[in-house]
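J.: just a sequence and a predicted model for now, questions to come.
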Amino acid sequence: MSYRSEKFLSLLGKNLDDLNENELKEISRNILDDGLHGICFSLYEDGQEPGNDITDEQIIRRLEILKPHTKWIRTFSSLEEHGRIAKFAKGLGFKTLVGAWLSSDLNKNEEELSGLVDLSNAGFVDVAAVGNEVIYRKELEEEQLIDYIENVKNKVDVPVGYVDAYYEFRDRPNITEACDIILANCYPFWEGCSAEYALIYMKDMFQEASKAAKGKKVIITETGWPSEGSSLGGANPSYLNYLKYFINSQLWSKNEDIEMFYFSSFDESWKVDAEGDVGAFWGLWDRLEKLKF
């Protein structure tokens, strides 16, 4: 089937339960082939985890898999192999949203921020993210984070923001004010929303962040649905729900011209330690780098 954007956009509001698995897979593949705005980059192969040595060849291979399907890559750290992702991505023609991973380790934070500034000033960063969910994890105080954001803003010439759950920008206006750009994670799954209402729920999440932004650009920096794993409240991981959420979220973002980074590129087994069994099944490609549809 050839891709016709108007045909697939007309599916917004349609009950995807009317379609069988093969039809959902075909629509998903056509959407992917038409191109996504952005994808969160999954670095680690099966059996690997943060702290392992990662080769340049592995990073480049994975970027080349993604290259035909997305304009932007999002990374989560500015150091070591993560810094190399940004460099290789720019070399392959991607735009980059590059993060500094912040935590309660203040010395490590300084290294991350220095790495982000260096990458930005060397031309490898299009949007700089000072931290990812560090307020949600309660690892920094609000004032500390704002100081970090302001410090980076004074040293780089790209938009600077902070990544967190959409409601943190509503509840913490001082952080929102400090950001050039609002980088909101929107996960109906993690709030126990059933798949049939997930798109409506995500639209509401985006509107909450947009209201808080007061005219600043809002980018959805993460959203997705696991293809396997245990349920959370009314949210059920399944292959069909995974396909439907991908289709609905992508068609909505294209139709409304909303910039969205899908989470994630590849399944990563190491994430089960932090997220339970669903942690291993968020990728568009599986752990062996095979497209799941």
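T.: In hand now; what should we look at? Keep in mind that what you see is a predicted model, and the values were worked out from it rather than measured.

J.: quick check: bridge partners of the spatially most central residue of the chain?
T.: The centroid of the chain falls nearest to residue 222 when counting by Cα atoms, centre = their mean (3.1 Å). Residue 222 has the following beta-bridge partners by DSSP bridges: residue 185.

J.: next, the nearest residue to residue 67 once chain neighbours are set aside: phi, psi?
T.: Spatially, and ignoring its direct neighbours in sequence, residue 67 is nearest to residue 92 (5.8 Å; Cβ to Cβ, 6 or more residues apart in numbering). In short, each C-beta sits where N, CA and C put it, glycine included. As for residue 92, its main-chain torsions (degrees, to the nearest 10) stand at phi -90, psi 0.

J.: measure how buried residue 92 is and give me the count.
T.: Neighbour count of residue 92, defined by other Cβ atoms under 10 Å: 13.

J.: now swap in residue 164 and tell me
T.: Neighbour count of residue 164, defined by other Cβ under 10 Å: 26.

J.: name the SS class of it, please.
T.: Three-state assignment for residue 164 (DSSP: H, G, I helix; E, B strand; the rest coil): strand.

J.: wait, it touches residue 136, no?
T.: Yes. Using Cβ atoms under 8 Å, residue 164 is in contact with residue 136, at 5.5 Å.

J.: for residue 289, see how far away the residue nearest to the centre of the chain is.
T.: For residue 222, the distance to residue 289 equals 21 Å [Cβ to Cβ, to the nearest Å].

J.: ok, residue 262 - contacts?
T.: Applying Cβ atoms under 8 Å, 6 or more residues apart in numbering, we find residue 262 in contact with 36, 38, 39, 40, 223, 224, 246, 249, 250, 284.

J.: how many neighbours does the fifth one have?
T.: Other residues lying near residue 223 total 26 when counted by other Cβ under 10 Å.

J.: quick one, what contacts the closest residue to it other than its chain neighbours?
T.: Nearest non-adjacent residue to residue 223, counting by Cβ to Cβ, 6+ apart: residue 186, 4.8 Å away. Going by Cβ under 8 Å, 6+ apart, residue 186 touches 165, 166, 202, 205, 206, 209, 220, 222, 223.

J.: again, only using 10 Å
T.: Applying Cβ atoms under 10 Å, 6 or more residues apart in numbering, we find residue 186 in contact with 165-167, 201-206, 208-209, 218, 220-224, 249, 260.

J.: how about residue 190?
T.: Shown in contact with residue 190 (Cβ under 10 Å, 6+ apart): 165, 222, 223, 224, 232, 233, 235, 275, 278.

J.: closest one of those to residue 214?
T.: Proximity of those to residue 214 (Cβ to Cβ) peaks at residue 165, which lies at 18.3 Å.

J.: can you tell me how far the closest one sits from residue 120?
T.: The spacing between residue 165 and residue 120, counted by Cβ to Cβ, is 25 Å.

J.: what does residue 129 give?
T.: Computed with Cβ to Cβ, the distance linking residue 129 and residue 120 is 11 Å.

J.: again with residue 234
T.: With distances taken as Cβ to Cβ, residue 234 is found 41 Å from residue 120.

J.: again with residue 87
T.: From residue 87 across to residue 120, the span is 12 Å (Cβ to Cβ).

J.: and the closest residue to residue 199 other than its chain neighbours, what element?
T.: Of all residues not flanking residue 199 in the chain, residue 248 sits nearest, at 4.3 Å (Cβ to Cβ, 6+ apart). Element membership for residue 248 (DSSP states H and E) is helix 239-256.

J.: packing partners of that helix?
T.: Applying 3 or more Cβ pairs under 10 Å, 6 or more residues apart in numbering; DSSP states H and E, we find helix 239-256 packed against helix 5-9, helix 21-34, strand 36-40, helix 198-213, strand 261-262.

J.: point out the most buried one among these.
T.: Sort the helices and strands packed on helix 239-256 by mean neighbour count, taking mean count of other Cβ atoms under 10 Å, and strand 261-262 sits at the top with a mean of 26.
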